[in-house]
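# no letters, just coordinates:
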């Protein structure tokens, strides 16, 4: 039995779809990094400098202004990121629908956009880099090719689900730990320097941007995980699936992709091999 999924996902057309969406996500993550610099890196740097120049009024003013600046930077970054994530989600949706040979449902997926120029432009950027094309081959584990058409699609959707939910849970936990440590360091350095109460209060200016970033990130990750829980009920129910059921699941995946937090590449790469192996083993057990 061969459902054609493995063959279609490795076609030149499909690779360009994947390359385009990955390039867009890379650009999104670079903008997210700008937000992290203003919200986490600069406050930490200023808190260290304050240890050496406690009475420098310019430094104190910079620290106080930073929380305001980081808020506006965050708003500008979010505006760009929202548009680009939708573009990437649209491209990946068209990739999935083609690879799955799933009928396009305007009510569930929205009207199909002509993304040809964007795909050609963005895929060219990524594929010009050595070794990138090979990373896009066998996007879904080849084991799905041995299942029936309906079950093959379902296994691919499960692979998407397990990969995503585990990654987001890890990043949420790590974000809380890292920011908690940084905030503790900012306060602790003031205490061990025997700073006055007024100076310690001023250190709140360093902490506010970090908390703003943390709360916004955790809020988004929490929403992502809740959306994935709803998807879990659809994907992992034991009822036999129809194409209509799979289209509904695909709609949920598409909506999630448009709004979910873009996990930084360094974190994604750290767990990629392990998560990929688990996802592939899950498919083999279900097949």
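That came through, no problem. In this text the structure is predicted, and so the values were computed from the model without any measurement. Residues are numbered from 1 along each chain as shown.
# confidence score at the residue lying closest to residue 239 once chain neighbours are set aside?
In space, residue 239 comes closest to residue 245 once its chain neighbours are excluded; the distance is 7.8 Å by Cβ to Cβ, 6 or more residues apart in numbering. Quick note: C-beta positions are derived from backbone N, CA and C, even for glycine. pLDDT recorded at residue 245 is 93.
# equivalent analysis for residue 191, please.
68.
# mean confidence for stretch 10-25?
96.
# what distance separates it from the centre of its chain?
The chain centroid and the centroid of stretch 10-25 are separated by 17 Å under Cα atoms, centre = their mean, to the nearest Å.
# would you mark the buried spots in it?
10, 14-25 (16 or more other Cβ atoms under 10 Å).
# which other residues reach it?
Residues outside stretch 10-25 that contact it (Cβ atoms under 8 Å, 6 or more residues apart in numbering) are 8, 84-85, 87-89, 91-92, 94-95, 98-99, 115, 118-123, 125-127, 132-133, 136-139, 262.
# show me what secondary structure element comes after the helix or strand bottoming out on mean pLDDT in the chain.
None of the helices or strands of the chain scores lower by mean pLDDT, DSSP states H and E than helix 197-202, at a mean of 62. Per DSSP states H and E, the first helix or strand lying C-terminal to helix 197-202 is helix 204-235.
# got the contact list for residue 268?
Going by Cβ under 8 Å, 6+ apart, residue 268 touches residue 167.
# next one: residue 177
Listed by Cβ under 8 Å, 6+ apart, the contact set of residue 177 is empty.
# quick one: mean pLDDT over stretch 159-178.
84.
# which residues in the stretch 1-150 of the chain form strands?
For the stretch 1-150 of the chain, applying DSSP state E, counting those that start in this stretch gives no strands.
# in it, what spans have low per-residue confidence?
1, 47-48, 50-60, 62-64, 66-68, 70-71, 74 (pLDDT under 70).
# rerun that using 80 as the cut-off
Across the stretch 1-150 of the chain, the ranges flagged by pLDDT under 80 are 1, 35, 38-79.
# where do the helices sit along it?
In the stretch 1-150 of the chain, the segments counted as helices under DSSP state H, counting those that start in this stretch are 5-9, 12-36, 42-52, 57-100, 106-109, 116-127, 132-136, 149-192.
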